[in-house]
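Peer 1: Quick one: sequence and predicted model below, then my questions.
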Amino acid sequence: MRWLRSHLVGIAALPVLAFLLIPNLIVIIFSFNKPRGNYNYEWQRFSLDAWTNPCGTPGICGSLGLSLRIGFIATIVATIFGTMVAFAIGRNRFRGRASVNLLIFLPMATPEVVMGSSLLTLFIAMGIAPGTPTILIAHILFCLSFVVVTVKARIASLDPRLEEAAADLFATPTQAFMRVTLPLVAPGIAAGALLAFSLSFDDYIITNFNASPSSVTFPMFVWGAAQRGTPVQINVIGTVMFLAALVLVATGTLISNRRARAAA
Amino acid sequence: MVGQLVEGPTAAQPLRRVRRNYTPYLLLLPGLAWLVVFFVVPMLSLASQSLQTGSVDTGYTLTWHFQTYVDALSRFWPHFARSIVFAGTATVFTLLLAYPLAYFMAQKSGRWKNILLVLVIAPFFTSFLIRTLAWQTILTDNGPVVALARSIHFTDLLQWMQLTSNDSLMNSRFAVIAGLTYNFLPFMILPLYANLERLDHSLIEAAGDLYATPVQTFWKVTWPLSLPGVVGGTLLTFIPAAGDFINSRLLGNTQTVMIGQVIDSEFLRVQDYAVAAALSFVLMAVIVIIVALYVRRAGTEELV
């Protein structure tokens, strides 16, 4: 009874963790399936077909390439702009700071359909044809706020005395920034960039409003394919993404732990 | 040498003051310009589009036609109500599920903490669509989950609650709410975890020393202290869930259509831009009002 009481939270937490992970397990297991029809719902028999031929479904690898390219460009631009904004509001008091904070917060509080459709009305009004550039504009927009918030949190947790110490040791402001501040903020910037990439790579709703038939991203390909059946190759790519995410997040946690231990 | 050291900074003083005044604005410039041009301006363009009349072929002119809002709402208010109810229900479930896991990770997991954190974050970084499609596999009619649900009469219970219309699980209200709950769970876990991790365990011990029962300790100490995390998590869950249509489209049926799906099809399929823009604008307004009321009631301004 006492054992039960002290482990109650753990007993309640475990099924939740399972609920969170089971779909990923299903994606992995069904990447080895050989379905009978177009739909990959029922387990038939083990097969490596999809793994040996990941581009076997027409259009899948092209859309993956486009998503990776858009993801990289959107991440780089959003991370640079977002980090600049984070430094501006994290380090300075200036007039209009509250309105700037609101402007950063609002896009995160806007449902994706609203953001996607409002951009579409702008592009329609200006006569801009949808395509890869409009997708990029949208992706940079919704990644920006998340980068700002992530980097700002890191800047807020910094000890200002470190930079002062650098100044006391005759570092110029540029040197103090490059040698002290930037390396300390770097994990926040990396986390922001990772978040931006995953948001961009994963987005369907906003992208769909601003894409053309010649700019099909990976989520759009998956959506389109899901209307007619589900190719096993989708599961292969889902599995690779999950494993890559596991490795990336685990490495990040490991590095930040080591840093914390070194600092202590 | 000494003179240089004393003189150096004073000579540079006026220059630095000027720079200190302008640096934040220069840093803000590209990011804020992007937000203004591609977020604020489109919102105005959306408002303007909703008050225009015309068609895709003939073009649109601004006629301040407010009747569009009346028409759009009288046609689609059930979809609005459904979206709020589905998103609200899913938010309550995510809170009930996320709280124990976040508490366990933050306070009780010890050396397992980092592994748990990786396991919670990693799915969040894998395709939303692919994971939602996996629910189609899980809830499929001939699958083990449906067989189990039937054997314990869970399907009968769902039917009685009108969450399903037959003895399957897919293509029903139940599936949509379950999908929303699943998809937005990490958005609830992470803010709660960040909050509960800072919770001082000695406060809980102190409550125990003062003869509080565990239940009392939870309601009088842990829960009030975790409220900022709860507010942050519910907003991060409710807002995207209310506008989502991936779950309702992939897991639901024609009776579970949510407002996001209506906006999407009015814009891209029906191409009735005025109605679509009006619906989109109302959705934004409804969410802003709900969030403002909620934040005021919960009494926390610390959102980001």
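Peer 2: Sure, I can see it.

Peer 1: what residues does the stretch 151-264 of chain A put near chain B?
Peer 2: Contacts of the stretch 151-264 of chain A with chain B, taken as C-beta under 8 Å from any C-beta of the partner chain, map to A:152, A:194, A:198, A:201-202, A:204-205, A:208-209, A:218-219, A:222-223, A:226, A:230, A:234-235, A:237-238, A:241-242, A:245-246, A:248-250, A:253-254, A:257. For glycine as for every other residue, the C-beta is placed from the backbone atoms N, C-alpha and C.

Peer 1: near chain A, anything from stretch B:260-277?
Peer 2: Yes - counting by C-beta under 8 Å from any C-beta, contacts between stretch B:260-277 and chain A involve B:260, B:263, B:264, B:267, B:268, B:273, B:276, B:277.

Peer 1: and those residues, which of them are in helices?
Peer 2: Using DSSP state H, the subset of those located in helices is B:260, B:263, B:264, B:273, B:276, B:277.

Peer 1: per-residue pLDDT, the closest residue to chain A within the stretch 201-304 of chain B?
Peer 2: Across the stretch 201-304 of chain B, the shortest distance to chain A (C-beta to the nearest C-beta) belongs to residue B:243, at 2.5 Å. With respect to pLDDT, residue B:243 scores 92.

Peer 1: Pull the number of nearby residues for it.
Peer 2: 26 (other C-beta atoms under 10 Å in any protein chain shown).

Peer 1: For it, list the residues it contacts.
Peer 2: When contacts are counted by C-beta atoms under 8 Å, 6 or more residues apart in numbering or on different chains, residue B:243 touches A:111, A:112, A:113, A:114, A:205, B:83, B:259, B:260, B:283, B:287.

Peer 1: Which helix or strand contains the fourth one?
Peer 2: With elements delineated by DSSP states H and E, residue A:114 resides in helix A:112-126, which encompasses its position.

Peer 1: mean confidence for that helix?
Peer 2: For helix A:112-126, mean pLDDT is 92.

Peer 1: residues of that helix that come out buried?
Peer 2: The neighbour-count check on helix A:112-126 (16 or more other C-beta atoms under 10 Å in any protein chain shown) flags A:112-125 as buried.

Peer 1: Is it positioned near chain B?
Peer 2: Yes - Helix A:112-126 is in contact with chain B by C-beta under 8 Å from any C-beta, via A:112, A:113, A:114, A:115, A:117, A:118, A:119, A:120, A:121, A:122, A:124, A:125.

Peer 1: which residues touch the third one?
Peer 2: Meaning residue A:114. Contacts of residue A:114 by C-beta under 8 Å, 6+ apart are B:46, B:243, B:263, B:280, B:281, B:283, B:284.

Peer 1: ok, residue B:109 touching residue B:116?
Peer 2: Yes - with contact defined as C-beta atoms under 8 Å, residue B:109 reaches residue B:116; the gap is 5.5 Å.

Peer 1: what residues are up against whatever residue of the stretch 51-200 of chain A ends up closest to chain B?
Peer 2: At 2.5 Å from chain B, residue A:111 is the closest residue in the stretch 51-200 of chain A, using C-beta to the nearest C-beta. Residue A:111 makes contact with B:239, B:240, B:242, B:243, B:244, B:260, B:283, B:284, B:287 under the criterion C-beta under 8 Å, 6+ apart.

Peer 1: Low-confidence ranges, the chain, go.
Peer 2: Defaulting to chain A. A:1, A:264 (pLDDT under 70).

Peer 1: my question was about chain B
Peer 2: Confidence mapping of chain B against pLDDT under 70 gives the ranges B:1-21, B:298-304.

Peer 1: per-domain residue ranges of it.
Peer 2: Listed by automatic domain parsing, the domain ranges of chain B are B:2-43, B:73-298.

Peer 1: can I get the ones you listed in a markdown table with distance to residue A:159?
Peer 2: Output for these, formatted as a markdown table (distance: least, C-beta to C-beta, whole Å):
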| stretch | distance to residue A:159 |
| --- | --- |
| domain B:2-43 | 21 |
| domain B:73-298 | 18 |
